[in-house]
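Asks: Generate coordinates for the sequence data below:
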Amino acid sequence: MKNCFYNRDIVSIKEFNRDNLDFMFKSTEKLQSLHQNEKMELARGRNLGYIFFEPSTRTRLSFEAAMISIGGNSMGIADAKSSSVEKGESLADTVRVIDQYSDVIVLRNPLDGSSRFAAEVAEKPVINAGSGTEEHPTQAMVDLYTIQKEKGRIDGLNIGIIGDLKYGRTVYSLLYGLTNYDVEIHLISPRLLKIRNESIFDVKNKIKLHEHEVLDDVLKDLDVIYVTRIQKERFSDIQEYEKVKGSYIINSKVLESAKSDVIVMHPLPRLDEVSHDLDNTSNAKYFKQAAYGKDVRATLLALVLNENF
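Replies: Down below sits the predicted model:
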């Protein structure tokens with residue numbers, strides 16, 4: 001199959017179909033099987049430039065580790081306060097400058113539409129590492145890969161997505177990605193954090209969706225529990241946040257009512273929504289999910305930079 005990722009912006013997972021995703025997952029397995037010396041040739045002499053205007057641990061570090069693992073270098077802005085943005089520099093100018101020094105750009109920005117805008121400005125490929133409340137496409141790729149690896153399939157699964165469904169950009173990208181598969185989705189959230197209907201208008205006709213406020217209504221049927229943090233930073237009214245924080249806590253007691261082989265995922269960071277008493281159980285896959293992030297992103301970078309990988 002032709003490498004459809006080569007020299008391409010990665011702005012939305014909606015731009016990729018199942019064949020594209022399967023190709024990337026097979027390429028991830030290929031990358032994992034390569035000798036380290038072969039991996040190091042995939043990005044030798046190439047630079048990744050990152051621009052992170054929101055906090056990040058896993059996404060930024062996994063992109064840096066990924067680039068290093070295939071022989072490249074990374075540099076960039078980890079905090080807007082340490083850049084000329086503090087002096088009033090525009091996003092367009094920041095992107096244009098990083099573009100001069102990089103072979104691929106990774107951007108996280110709190111504004112909706114920021115990655116699409118950056119892709120229009122830059123000459124080099126732009127990878128969306130989180131744009132406002134819209135999307136986080138590489139996280140969805142990691143999530144889908146994790147489900148495939150840990151469950152052996154995606155088709156036929158019952159997947160529960162729990163927590164902040166209104167503001168959680170990982171939720172929207174995962175939903176868009178899941179439209180490529182035959183799955184049943186259960187959206188579980190407080191009423192204040194229900195999914196934004198206008199953002200999933202085209203999803204409803206492609207996938208089986210059910211909305212719930214009570215986890216127990218569907219827990220016993222779930223094969224995957226995907227938990228999200230309720231994001232305090234997205235609330236303009238702190239009292240609204242106080243009403244919904246701690247709405248769902250997944251712990252060992254809760255899982256007694258679930259399938260024995262259910263997997264628990266989380267894009268992290270977590271607060272109290274996934275209890276630490278799950279960390280060493282066979283159900284907990286969130287740290288594996290984070291580990292897969294490096295390999296999936298290394299593969300994506302290799303594909304974007306190499307036409308024939």
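Asks: check contacts around the closest residue to Asn308 other than its chain neighbours.
Replies: Nearest-residue entry for Asn308: Asn3, 7.1 Å, with adjacent residues in sequence omitted and distances by Cβ to Cβ, 6 or more residues apart in numbering. Where you see a C-beta, it was placed from the backbone N, CA and C, and this is true even at glycine. For Asn3, the contact set (Cβ atoms under 8 Å, 6 or more residues apart in numbering) comprises 23, 303, 306-309.
Asks: Keep only those of those residues that are in helices.
Replies: 23, 303 (DSSP state H).
Asks: Can you list the low-confidence ranges for this structure?
Replies: 231-237, 241-242, 246 (pLDDT under 70).
Asks: where's the residue of it positioned farthest from its centre relative to Pro110, distance?
Replies: Relative to the C-alpha centroid of the chain, counting by Cα atoms, centre = their mean, Lys87 is the outermost residue, at 30.7 Å. Counting by Cβ to Cβ, to the nearest Å, the separation of Lys87 from Pro110 is 19 Å.
Asks: same question, Val262
Replies: 34 Å.
Asks: okay, the two: which has more neighbours?
Replies: Val262 (21 against 14; other Cβ atoms under 10 Å).
Asks: Settle this for me: the more buried one is touching Val254, isn't it.
Replies: No. If you go by Cβ atoms under 8 Å, Val262 and Val254 don't touch, sitting 10.3 Å apart.
Asks: Would you confirm that the residue nearest to Asn308 belongs to a strand?
Replies: No. Going by DSSP: H, G, I helix; E, B strand; the rest coil, the assignment for Asn3 is coil, not a strand.
Asks: List the residues that contact the residue nearest to Thr281 when sequence neighbours are not counted.
Replies: Leaving out its chain neighbours, the residue that sits closest to Thr281 by Cβ to Cβ, 6+ apart is Ser252, at 7.2 Å. Contacts for Ser252 (Cβ under 8 Å, 6+ apart) come out as 275, 277-278, 281.
Asks: how much space between Ser252 and Val106?
Replies: Ser252 is 37 Å from Val106, by Cβ to Cβ.
Asks: same deal with Lys208?
Replies: 34 Å.
Asks: Apart from its chain neighbours, what residue comes closest to Glu86?
Replies: Ala80 (6.9 Å).
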